[in-house]
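Trainee: Following is a predicted model, sequence given first.
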Amino acid sequence: MEWETPARQDGAQVQFRHRTPGSPWKLGDCGHQDDAGFESCLCPLEMDMAQEFQLRRRLGPGVPRGPWSSWSSPVCIPPETPPQAEVRFSVEQLRPDGRRQVTLHEQLPQLELPEGCLGPDSGMEVTYHIHLHMLSCPCKTRAKRTLRLKKKLVLSSAAYDLAVVSRNRFGLGPNQTWHIPACIHSEPGLLNISAGANGTTIRWPARAQGMRYCIEWQLQGQEENLAACIVTAPQDPDAAGTATHSWSQESGALEQKACYRITIFASAHPEKPTSWSTVLSTYHFGGNASEAGSPQHVSVRKLSQDSVSVDWTPSLLSTCPGVLKEYVVCCQEEDSNQVSELHVKPTETQVTLQGLRAGTAYKVQVRADTAKRRGAWSQPLRFSIEVQVSELSDLSIFLASLGSFVSILLLGIFGYLGLNRAVRHLCPPLPTPGASTAIKFSGSQGKQVWQWTSPADFPEEVSPQEALMVNISWEKGEGADMGTLGTLKEKTELPLHAPKPALDLKDRKQMQGCPEAGAPGPGWQDGLVEDSLAQAARSPLLILGGLGWTPRFGSQGETGASASSYREA
């Protein structure tokens, strides 16, 4: 410590005492002061604690030794490193006027002091300040400002560095720095950019009269300190209420085919970093966006027989938020020139085309549209859906099976018809009585009444035709029963005037053992009938022409010799 020497007290002896908060006094000796005009003392210093010092003096050895003076007023020494304030901040959303509020929440430390340093004029005060640095728009006149610590700040959407600095009687302490990022928002409808042979012109909504504008642009993802900017001269709004700025083509501003972030700030006092407000902030794709944004690497992948999947790589416009509006997929039939378009969201790079026809040639193209203009079509990609071989084989198998079945069916039908015709030619059917015309009468004859008076009215006419012999025989040992004989009695009749059938040798021998015809015994007639029936059964039937003659045996008393009648078979 140093101080001025009191008047006429040169060469004094000085002592000091010091203490820290809560500790007793400690005595120290500054020694004999020989310097004229100034006195000094080397005292111990506590780095992190406040100290209180007091001094006293007495005259030196050149004068009679006197008593010590009283202790001086306290001299307070703050710690070497000022305590840091605990600061938090919150940033609100950007308001319509282009400004946002930053609220600081600080908690100042309470420094512990010795008893003699509790007064307001002890010199132990620690002050806190804010150093504000506007990082955006580096071409402005002034970018930094120091403010006393206060609760609220109103800033633009630019990026800032905010530092809280502490200061005591020894100087500045270490500071704390926070970064407030820029408020990224996109308003594509507010900025109108037109590029031509004379350069690039931008237009935006103007603020009040006499405002200065700072136009900042930088490539997306680039460091903030690499941003380019320009501050315009004060200008008033035009008739449309817009402000304008142009670049020449030689400047190369916004000419690169890439995504830019453009921000425009306005201020009536550009020397104050806290006076700026944000007019707009948006993204813009430089160069020829229509050609640069054309989708690349379009591919087609078959999903089914009537659908395909179209994929493409994202357009360069998709890297600029808010620039790409949509994708448009065009599918055209090359034969009929029928065109269909599908609109796809900007976040998607795939679409499914349905309702396609196999074997038809198609052409597909994709383009990327912005909110203001259409993009350029990609290179056409031609494709077709081929008919699957399995379907052809299945169809062939089905047709072959159907043809085989029809062939076998027709072959069976023709074979059946041909066999029937061959059978009728090789084996004709036998005549039947029902098919004979002998028993049929004409219509006129059917209405006449025929009276059959006697068999004698129809004389027999014997045809010289050869008789058909039909033998009827029984096995030996099987005699005709009485029922059969009775039936034969009824049905066996000889034709009229027919000769009696000759008996074979065996029958004649049997007849020789019988009683004579002239002297019949009892029951002779019945025996004769039975023998006659047996003989008739073994006798042949005479079929003459269309008439069948059945022998009938009667008694000798009927019509003299043997009466005979005929029955048409």
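Mentor: Nice, I can see it.

Trainee: Start and end of stretch 51-69, how far apart?
Mentor: 22 Å (C-alpha to C-alpha, to the nearest Å).

Trainee: That one - what's its average pLDDT?
Mentor: Stretch 51-69 carries an average pLDDT of 77.

Trainee: List the contacts of residue 215.
Mentor: 202, 229-232, 245, 262-264 (C-beta atoms under 8 Å, 6 or more residues apart in numbering). All C-beta atoms are positioned from the backbone trio N, CA, C, and that covers glycine.

Trainee: again, 10 Å this time
Mentor: 137, 139, 202, 204, 228-232, 243, 245, 247, 253, 262-265, 279 (C-beta atoms under 10 Å, 6 or more residues apart in numbering).

Trainee: got the contact list for stretch 370-380?
Mentor: Contacting residues not belonging to stretch 370-380 are listed as 188-189, 192-193, 285, 288-298, 312, 315, 317, 320, 322-330, 332, 334, 346, 362-369 [C-beta under 10 Å, 6+ apart].

Trainee: May I see the buried residues of that stretch?
Mentor: 370, 375, 378 (16 or more other C-beta atoms under 10 Å).

Trainee: ditto for stretch 289-297
Mentor: Buried residues in stretch 289-297 (16+ other C-beta under 10 Å): 289-290, 292-295.

Trainee: dump the residue contacts of residue 100.
Mentor: For residue 100, counting by C-beta under 10 Å, 6+ apart, the contacting residues are 91-94, 153-158, 180, 183, 277-278.

Trainee: where does the stretch 351-500 of the chain dip in pLDDT?
Mentor: 387-395, 429-500 (pLDDT under 70).

Trainee: rerun at 80
Mentor: Filtered on pLDDT under 80, the stretch 351-500 of the chain yields the residue ranges 387-398, 420-500.

Trainee: are any of the contacts of residue 215 buried, and which?
Mentor: Applying 16+ other C-beta under 10 Å to those flags 137, 202, 204, 228-229, 231, 243, 245, 247, 253, 262-265, 279 as buried.

Trainee: wait, which of these is closest to residue 75?
Mentor: Using C-beta to C-beta, residue 137 comes nearest to residue 75 of those, at 48.5 Å.

Trainee: re earlier: could the buried residues of stretch 289-297 go into JSON lines alongside distance to residue 1?
Mentor: Listed next are the buried residues of stretch 289-297 as JSON lines, based on distance: C-beta to C-beta, whole Å:
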{"residue": "289", "distance to residue 1": "72"}
{"residue": "290", "distance to residue 1": "78"}
{"residue": "292", "distance to residue 1": "73"}
{"residue": "293", "distance to residue 1": "74"}
{"residue": "294", "distance to residue 1": "79"}
{"residue": "295", "distance to residue 1": "79"}
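
Trainee: What does the pLDDT read for residue 334?
Mentor: 88.

Trainee: same question, residue 21
Mentor: Reported pLDDT for residue 21: 89.

Trainee: Repeat that for residue 350.
Mentor: Residue 350 is given a pLDDT of 94.

Trainee: Residue 212 now?
Mentor: Listed pLDDT for residue 212 reads 90.

Trainee: The one 5 residues further on too?
Mentor: Residue 217 carries a pLDDT score of 89 in this model.

Trainee: Within its sheet, name the partner strands of the helix or strand it falls within and how each one runs.
Mentor: Element membership of residue 217 [criterion: DSSP states H and E] is strand 212-219. Strand 212-219 has these partner strands in its sheet, going by DSSP bridges: strand 228-231 (antiparallel), strand 259-267 (antiparallel).

Trainee: quick revisit: so which of the buried ones among the contacts of residue 215 is the closest to residue 48?
Mentor: For the buried ones among the contacts of residue 215, the nearest to residue 48 is residue 137 (41.9 Å; C-beta to C-beta).

Trainee: which residues does the closest residue to that closest one other than its chain neighbours contact?
Mentor: Distances taken as C-beta to C-beta, 6 or more residues apart in numbering put residue 214 closest to residue 137, at 4.0 Å, once the chain neighbours are dropped. Residue 214 makes contact with 134, 136-140, 156, 158, 229-232, 263-267, 270, 276, 279 under the criterion C-beta under 10 Å, 6+ apart.

Trainee: 8 Å instead, please
Mentor: Counting by C-beta under 8 Å, 6+ apart, residue 214 has contacts 137, 139-140, 229-232, 264-267, 270, 276.

Trainee: In CSV, list those along with pLDDT and distance to residue 397.
Mentor: CSV is the format used below for the contacts of residue 214 (pLDDT from 0 to 100; distance: C-beta to C-beta, whole Å):
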residue, pLDDT, distance to residue 397
137, 85, 79
139, 84, 81
140, 81, 84
229, 88, 77
230, 88, 79
231, 89, 83
232, 87, 82
264, 91, 74
265, 92, 78
266, 91, 81
267, 90, 85
270, 86, 87
276, 91, 82
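
Trainee: can I get those residues in CSV with distance to residue 418?
Mentor: Compiled in CSV, the contacts of residue 214 are given as follows (distance: C-beta to C-beta, whole Å):
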residue, distance to residue 418
137, 108
139, 110
140, 113
229, 106
230, 107
231, 112
232, 109
264, 103
265, 107
266, 109
267, 113
270, 116
276, 111
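
Trainee: What is the nearest of the residues you listed to residue 407?
Mentor: residue 264 (87.4 Å).

Trainee: if you skip the residues just before and after it, what's nearest to that closest one?
Mentor: That would be residue 279: by C-beta to C-beta, 6+ apart, it lies 4.3 Å from residue 264.

Trainee: if I look at that neighbour, how far off is residue 220?
Mentor: Plainly put, residue 279 is 20 Å away from residue 220 if you go by C-beta to C-beta, to the nearest Å.

Trainee: Domain map for this protein?
Mentor: 2-77, 86-106+124-287, 298-384, 459-549 (automatic domain parsing).

Trainee: circling back to that earlier point, check contacts around the residue nearest to residue 264.
Mentor: 98, 204-205, 207, 213, 264-266.

Trainee: Repeat the analysis, applying 6 Å as the threshold.
Mentor: By C-beta atoms under 6 Å, 6 or more residues apart in numbering, residue 279 lies in contact with 204, 264, 266.

Trainee: Could you do residue 73 as well?
Mentor: Counted by C-beta under 6 Å, 6+ apart, residue 73 has zero contacts.

Trainee: how close does it sit to residue 131?
Mentor: Distance from residue 73 to residue 131, by C-beta to C-beta: 35 Å.

Trainee: cool, and residue 153?
Mentor: Taking C-beta to C-beta, one finds residue 153 at 12 Å from residue 131.

Trainee: Compare the two (neighbour count), which wins?
Mentor: residue 153 (19 against 15; other C-beta atoms under 10 Å).

Trainee: Ramachandran angles for the most centrally placed residue in the chain?
Mentor: Nearest to the geometric centre of the chain sits residue 352, at 8.6 Å (C-alpha atoms, centre = their mean). According to degrees, to the nearest 10, the main-chain angles of residue 352 amount to phi -110, psi 130.

Trainee: Same question for residue 317.
Mentor: According to degrees, to the nearest 10, residue 317 has phi -70, psi -20.

Trainee: do residue 413 as well
Mentor: Per degrees, to the nearest 10, the backbone of residue 413 is at phi -70, psi -50.

Trainee: returning to what we had before: include distance to residue 87 and secondary structure when you put the buried residues of stretch 289-297 into TSV, please.
Mentor: Compiled in TSV, the buried residues of stretch 289-297 are given as follows (distance: C-beta to C-beta, whole Å; DSSP: H, G, I helix; E, B strand; the rest coil):
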residue	distance to residue 87	secondary structure
289	45	helix
290	50	helix
292	46	helix
293	46	coil
294	51	coil
295	49	coil
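
Trainee: Just the buried residues from the contacts of stretch 370-380, in ChimeraX please.
Mentor: Per 16+ other C-beta under 10 Å, the buried members of those correspond to this ChimeraX selection:
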select :188,193,285,289,290,292,293,294,295,298,312,315,317,320,322,323,324,325,327,328,329,330,332,346,362,364,365,366,367,368,369
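
Trainee: so what's the residue nearest to residue 286 when sequence neighbours are not counted up against?
Mentor: Distance criterion C-beta to C-beta, 6+ apart; nearest residue to residue 286, sequence neighbours excluded, is residue 254 at 4.5 Å. By C-beta under 6 Å, 6+ apart, residue 254 lies in contact with 200, 260, 286.
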